[in-house]
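Predicted model, plus sequence, below.
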Amino acid sequence: ASPGASDFPTSRHFYRELVGWEALEPDRAFGGYFNFARQGTWTAGAMGDMGDFKADDTWKPYLATEDIAQTVEAAQSAGAEIRVPGMPGADLGVQAVLSDPTGATLGLWQAGTWPGFSVVEEHGAPSWFELHTLDYAGALAFYRDVFGFEVTTVSDTDQFRYSVVRRPGDDADLAGVCDDRGVLAEGAVSHWAIYWEVDSVDDAVDTITKLGGTVYAGPDDSPYGRIAVVSDPQGAKFMLRTRPRV
């Protein structure tokens, strides 16, 4: 996961105080890109302007691919806009950034020596990924056709349409897709939401307020845990989640 960050110093301080990430030093060879480390292991990155791609202060997930050139070609043929074409990061891997046909931005990662994050659902680690889209059917078709995801419908009513996707042959749900027609505010666009696991959503919300971030909703209890919708001081929105205690 990576936010297009317009203010590196503030981002580095904010996430260090919120979830204890270590902000590593920017690498000039990669245009100033830097990584956040959790317990010594990279868990997220941040980048500023990259050519025609301007830092927009939004979080975006990266999907793994074994052949990034083939995936970029398939995505473009399926209606995606390629924002950053395949770009090597030394021997670490190759990345690309695209907007899917519904307008949601995401990254692609072909692993080299770095496979991507490997820990989920622990404090400061990813907890869930969710596409909020204005073209629900189009989004499901795109991710099924380009990435081969298997789709399971959770709810299909006018009030709530939601599906989860999995990699073929995998028993674990990978992400959710939510129909947000009539829900998103006027002028809003399709987007990916990233949930970060925290030990206490309430404590994290207090910290966000003190650090100059914004709380848009919550904390609220749900069948999937305690959740809040927040943003960092630059306006990059994300979700906080504390899983139900069993």
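Happy to help now that I have it.

how close does Val120 get to Ala96?
Distance of Val120 to Ala96, given as CB to CB, to the nearest Å: 23 Å. Backbone N, C-alpha and C define where each C-beta goes, glycine included.

Between those two, which is the more surrounded one?
Ala96 (22 against 14; other CB atoms under 10 Å).

if you skip the residues just before and after it, what's nearest to that one?
Spatially, and ignoring its direct neighbours in sequence, Ala96 is nearest to Leu108 (4.4 Å; CB to CB, 6 or more residues apart in numbering).

same deal with Ala217?
That would be Val229: by CB to CB, 6+ apart, it lies 4.2 Å from Ala217.

Torsion angles phi and psi at the one you found?
In terms of degrees, to the nearest 10, the main-chain angles of Val229 are phi -110, psi 120.

What's the first helix or strand after the helix or strand bottoming out on mean pLDDT in the chain?
Every helix and strand of the chain was ranked by mean pLDDT, DSSP states H and E. The lowest is strand 2-3, at a mean of 52. Counting by DSSP states H and E, the next helix or strand C-terminal to strand 2-3 is helix 8-19.

helices or strands up against that next one?
Counting contacts by 3 or more CB pairs under 8 Å, 6 or more residues apart in numbering; DSSP states H and E, helix 8-19 is packed against strand 22-23, strand 34-38, strand 41-46, helix 201-210.

wait, which of those is closest to Trp114?
Shortest separation from Trp114 across the helices and strands packed on helix 8-19 is recorded for strand 41-46, at 6.9 Å, computed as CB to CB.

Now do that closest one against helix 8-19, angle only.
With axes from the mean of the first three to the mean of the last three CA atoms, to 10 degrees as the basis, strand 41-46 and helix 8-19 are set at 140 degrees to each other.

what separates strand 41-46 from the chain centre, distance-wise?
When distances are taken as CA atoms, centre = their mean, to the nearest Å, strand 41-46 is centred 12 Å away from the chain's centroid.

What residues sit buried inside that strand?
Under the neighbour-count criterion of 16 or more other CB atoms under 10 Å, strand 41-46 has Trp42, Thr43, Ala44, Gly45, Ala46 buried.

so what pLDDT did the second one get?
The reference is to Thr43. Looking at Thr43, its pLDDT is 90.

show me the contacts for Thr152.
Counting by CB atoms under 8 Å, 6 or more residues apart in numbering, Thr152 makes contact with Ser163, Val164, Val165, Arg166, Asp173.

change it to 10 Å
Each residue near Thr152 by CB atoms under 10 Å, 6 or more residues apart in numbering is listed here: Tyr162, Ser163, Val164, Val165, Arg166, Asp173.

Quick check: which element contains the closest residue in space to the last one that isn't next to it in sequence?
Translated: Asp173. Among residues not flanking Asp173 along the chain, Val164 sits closest, at 4.4 Å (CB to CB, 6+ apart). For Val164, the host element (DSSP H and E) is strand 161-166.

which helices and strands does that strand pack with?
Contact analysis of strand 161-166 by 3 or more CB pairs under 10 Å, 6 or more residues apart in numbering; DSSP states H and E lists strand 126-133, helix 136-147, strand 150-156, strand 175-179 as its packing neighbours.

so after the shortest one, what's the next helix or strand?
It refers to strand 175-179. Remark: after strand 175-179, the chain's next helix or strand is strand 191-197, criterion DSSP H and E.

Now find how far off-centre that following strand is within its chain.
Remark: strand 191-197 is offset 5 Å from the chain centroid, using CA atoms, centre = their mean.

Check stretch 165-177 too.
Put simply, stretch 165-177 sits 16 Å off its chain's centre (CA atoms, centre = their mean).
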